[in-house]
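J.: Compute the structure for the input listed below.
(2 chains)
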Protein chains: 2
Amino acid sequence: MKEEITEWFKSLQDNICKALESEDASGFSKSEVKFKEDNWLREEGGGGRTRIFQDGNIIEKGGVNFSAVYGDVPVFLKNEDSNSTTVNSSKDTFYATGISIVIHPKNPMLPIIHMNVRYFEMSNGVWWFGGGIDLTPHYVDEEDARFFHFSLKTACDKHQPNYYTDFKKWADDYFYITHRKETRGVGGIFFDRLNSSNKEDLFAFVKEVGNSFAPIYTHLMAKNKNITYTELNKQWQLIRRGRYVEFNLVYDKGTKFGLETNGRIESILMSLPLNASWVYNFEPMSNSREEQTLSLLKKGIDWI
Amino acid sequence: MKEEITEWFKSLQDNICKALESEDASGFSKSEVKFKEDNWLREEGGGGRTRIFQDGNIIEKGGVNFSAVYGDVPVFLKNEDSNSTTVNSSKDTFYATGISIVIHPKNPMLPIIHMNVRYFEMSNGVWWFGGGIDLTPHYVDEEDARFFHFSLKTACDKHQPNYYTDFKKWADDYFYITHRKETRGVGGIFFDRLNSSNKEDLFAFVKEVGNSFAPIYTHLMAKNKNITYTELNKQWQLIRRGRYVEFNLVYDKGTKFGLETNGRIESILMSLPLNASWVYNFEPMSNSREEQTLSLLKKGIDWI
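T.: Take a look at the predicted model:
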């Protein structure tokens, strides 16, 4: 079945890239900007198809990356599971495939978005799905947050009644910048090591999540691309991007996994923005939209 | 003796701030920019005196921070030493004081500089000094690197014949961005857990290192402040600053210590530049100064 999953992830990459290219060009006179593809091989087994989008009309920098890698089970996974029976022998091998997306828009009124869906299996028969989508507005727009969460809930509800509630909470906990005591954005859903007696059902759920990405983000692109903004809005965007960098380099498990397993650095760090800023002790003005945004970067908000 | 060391670190902070303010103003018509001071208290004990310099003539953003904190020995130190006898009891307390400096200049031809000197002791009688200085040029100038290392060697040689060689190697290993396979800059010296039967001698060495900072950096400021530069030079500076951010958030032990012990975030992350950039897969032109710089970001270069 891993071949089927792998092929589906590849087709998802194709579909998302086409949808983003098309929406980025829609209504603009500049000719359509295309994703630039870099194929790479991993020395220890497998490789990937990195696609990077730069300097579009709406998108400043984004990546839609596919990879499928295999080899001996990494040491840190063995250590992690040292008290369990999941890794039985030093001869176990693994296979991991997935899609990772981060999009940084030019307009500070359009949120940053991230999605990851992945499948992992080991030669001992253990397997799981993982993934998540989260939205990081520079300025929280409650209507956008509601639309985003409603779309995810709709996708989840087709599969299990508890998925949205459970995975929304998981996202609040995962996408959290502990040292800032703030969430990365308005959250979304996050799940890991999903396993069940019915693999087809889980795969169908992961497909549902993957397929929800393009409609969600192209809607947000179309809705927000023409909102005017000020120099202050742009400065605040750079500061929020700084927080995004902090999350990805300090906490993100995918990034850590990549850095520790000698992954392709430029593919891993495509998630970082074109530019970011750190201003010492920046404090938003009272009753400003910046202050309002900070007040909404909290766990446990019911956006719907 | 900890009072004497603490007072000396405070006076070092005063002297370095004065020297940097004065050099930043020298030869410019704009009135002298001053460090802005923030005093803070640590809930668990102690506090600090953060001094931030912003938007000078030469310096874009910099911090010269003093702190003296105490309390129960942090858990991670206990774990680290679980196989040794350094922490005997859960009732052990610690006292830590030091100075941390990072200076980001405006001109890409002037290097970023960092220094840290610190003293740590526990109620069980264990104590040590630690510290280091390293230079991170956006463009490696071999004359500057030689001057920098020669100054450090001169300081080291007054105390122990092996210090420079040992601590230069330690810096090469410490200030290394593993995932990029490059050093952060041209290195310097780094030492940790220095302990001996003669505490006065070690303190004298740490003073020597601390006192070497202002003459070194004011020399580099004066020498490089008026070198003209292009847009490409500025873009490259932002990319190199991105690497600086990567090192500090992924590897730097001081930053990790701060983030994990609920330190004052704005004081810890003053080390990050005003702005930084990540361009996907940026590759310098053949035979360019950017390419030459990359070729010199290696361990084991004898700069003297």
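J.: I'd guessed residue A:139 sits against residue A:109; true?
T.: Yes. In this structure, residue A:139 is within contact of residue A:109 by CB atoms under 8 Å, at 6.1 Å. All C-beta atoms are positioned from the backbone trio N, CA, C, and that covers glycine.
J.: Spell out which residues are contacts of both of these two.
T.: residue A:233 (CB atoms under 8 Å, 6 or more residues apart in numbering or on different chains).
J.: tell me which residues in the helix or strand where residue A:40 lies are buried?
T.: Following DSSP states H and E, one finds residue A:40 within strand A:36-41. For strand A:36-41, burial by neighbour count (16 or more other CB atoms under 10 Å in any protein chain shown) applies to residue A:38.
J.: Check stretch A:243-255 too.
T.: Buried, per 16+ other CB under 10 Å, within stretch A:243-255: A:243, A:244, A:245, A:246, A:247, A:248, A:249, A:250, A:251, A:252, A:254, A:255.
J.: tell me, which of these make contact with chain B?
T.: A:245, A:246, A:249, A:250 (CB under 8 Å from any CB of the partner chain).
J.: Strand A:36-41 and whatever helix or strand comes next after the strand holding residue A:40, what's the angle between them?
T.: Counting by DSSP H and E, the next helix or strand C-terminal to strand A:36-41 is strand A:46-54. Taking axes from the mean of the first three to the mean of the last three CA atoms, to 10 degrees, one finds strand A:46-54 and strand A:36-41 inclined to each other by 160 degrees.
J.: State the next helix or strand along the chain beyond strand A:46-54.
T.: Next along from strand A:46-54, by DSSP H and E: strand A:59-72.
J.: returning to what we had before: tell me which two of the buried residues of stretch A:243-255 sit farthest apart.
T.: A:243 and A:254 (17.4 Å; CB to CB).
J.: picking up where we left off before, just the CA atoms of the strand holding residue A:40, as PDB, please.
T.: Provided in PDB are the C-alpha atoms of strand A:36-41 (Å, rounded to 0.1, in the frame of the first residue of the first chain):
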ATOM      1  CA  LYS A  36      10.700  25.800  -9.500                       C
ATOM      2  CA  GLU A  37      11.500  22.100  -9.000                       C
ATOM      3  CA  ASP A  38      14.600  20.500  -7.500                       C
ATOM      4  CA  ASN A  39      14.800  16.800  -7.400                       C
ATOM      5  CA  TRP A  40      17.200  15.400  -4.800                       C
ATOM      6  CA  LEU A  41      18.500  12.000  -3.600                       C
END
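J.: Let's see the pLDDT reported for residue A:90.
T.: What the model reports for residue A:90 is a pLDDT of 62.
J.: ok, now residue A:114?
T.: 98.
J.: my read: residue A:207 touches residue A:11, true?
T.: No. If you go by CB under 8 Å, residue A:207 and residue A:11 don't touch, sitting 10.2 Å apart.
J.: helix/strand/coil for residue A:245?
T.: helix (DSSP: H, G, I helix; E, B strand; the rest coil).
J.: Which of the three states applies to residue A:128?
T.: Once three-state DSSP is applied, residue A:128 turns out strand.
J.: Would you check how far apart it and chain B are?
T.: 26 Å (CB to the nearest CB, to the nearest Å).
J.: For that residue, which residues are in contact?
T.: Residue A:128 makes contacts with A:119, A:120, A:121, A:192, A:193, A:194, A:195, as judged by CB under 8 Å, 6+ apart.
J.: Is it bridged to anything, and to what?
T.: residue A:120 (DSSP bridges).
J.: pretty sure residue A:259 is touching residue A:268, no?
T.: Yes. At 6.7 Å, residue A:259 counts as touching residue A:268 under the criterion of CB under 8 Å.
J.: Which residues of the stretch 151-300 of chain A lie near chain B?
T.: A:178-180, A:238, A:242, A:245-246, A:249-250, A:259, A:265-266, A:269-270, A:272-281.
J.: Would you tell me what the next helix or strand after the helix or strand where residue A:131 lies is?
T.: Using DSSP H and E, residue A:131 sits in strand A:127-136. Downstream of strand A:127-136, the next assigned helix or strand under DSSP H and E is helix A:142-157.
J.: hmm, back to that, out of the contacts of residue A:128, who's the most crowded?
T.: residue A:119 (25 neighbours; other CB atoms under 10 Å in any protein chain shown).
J.: check contacts around the spatially closest residue to that one that is not a sequence neighbour.
T.: Once flanking residues are discounted, residue A:119 sits nearest to residue A:5: 4.8 Å by CB to CB, 6 or more residues apart in numbering or on different chains. Each residue near residue A:5 by CB under 8 Å, 6+ apart is listed here: A:97, A:119, A:203.
J.: Now render the residues you listed as a markdown table, adding pLDDT and distance to residue A:294.
T.: Output for those, formatted as a markdown table (pLDDT from 0 to 100; distance: CB to CB, whole Å):
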| residue | pLDDT | distance to residue A:294 |
| --- | --- | --- |
| A:97 | 96 | 38 |
| A:119 | 97 | 37 |
| A:203 | 97 | 39 |
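J.: between those residues, which is closest to chain B?
T.: residue A:97 (22.1 Å; CB to the nearest CB).
J.: Buried by neighbour count: which residues of stretch A:186-203 qualify?
T.: Buried residues in stretch A:186-203 (16+ other CB under 10 Å): A:186, A:187, A:188, A:189, A:190, A:191, A:194, A:202, A:203.
J.: so of those, which ones are in helices?
T.: The helices, defined by DSSP state H, take in A:202, A:203 from these.
J.: Please flag which of the buried residues of stretch A:186-203 sit within strands.
T.: A:188, A:189, A:190, A:191, A:194 (DSSP state E).
J.: Chain B: which of those residues is nearest?
T.: residue A:190 (21.5 Å).
J.: Identify the residues contacting that closest one.
T.: A:131, A:132, A:134, A:167, A:170, A:171, A:173, A:174, A:175.
J.: any idea how far the last one lies from residue A:253?
T.: Using CB to CB, to the nearest Å, we find residue A:175 at a distance of 11 Å from residue A:253.
J.: same question, residue A:55
T.: Distance, residue A:55 to residue A:253, using CB to CB: 30 Å.
J.: Next up, the contacts around the closest residue to chain B within the stretch 1-150 of chain A.
T.: Nearest to chain B, among the residues of the stretch 1-150 of chain A, is residue A:52, at 4.8 Å (CB to the nearest CB). Residues in contact with residue A:52 (CB under 8 Å, 6+ apart) are A:35, A:36, A:38, A:61, A:62, A:63, A:270, B:280, B:281.
J.: pretty sure residue A:21 is touching residue A:32, no?
T.: Yes. Contact criterion CB under 8 Å: residue A:21 and residue A:32 qualify, at 5.7 Å.
J.: Look at these two and report which has more neighbours.
T.: Set residue A:21 next to residue A:32 and count neighbours by other CB under 10 Å: residue A:21 wins out with 17 against 12.
J.: for that one, helix, strand, or coil?
T.: Per three-state DSSP, residue A:21 ends up helix.
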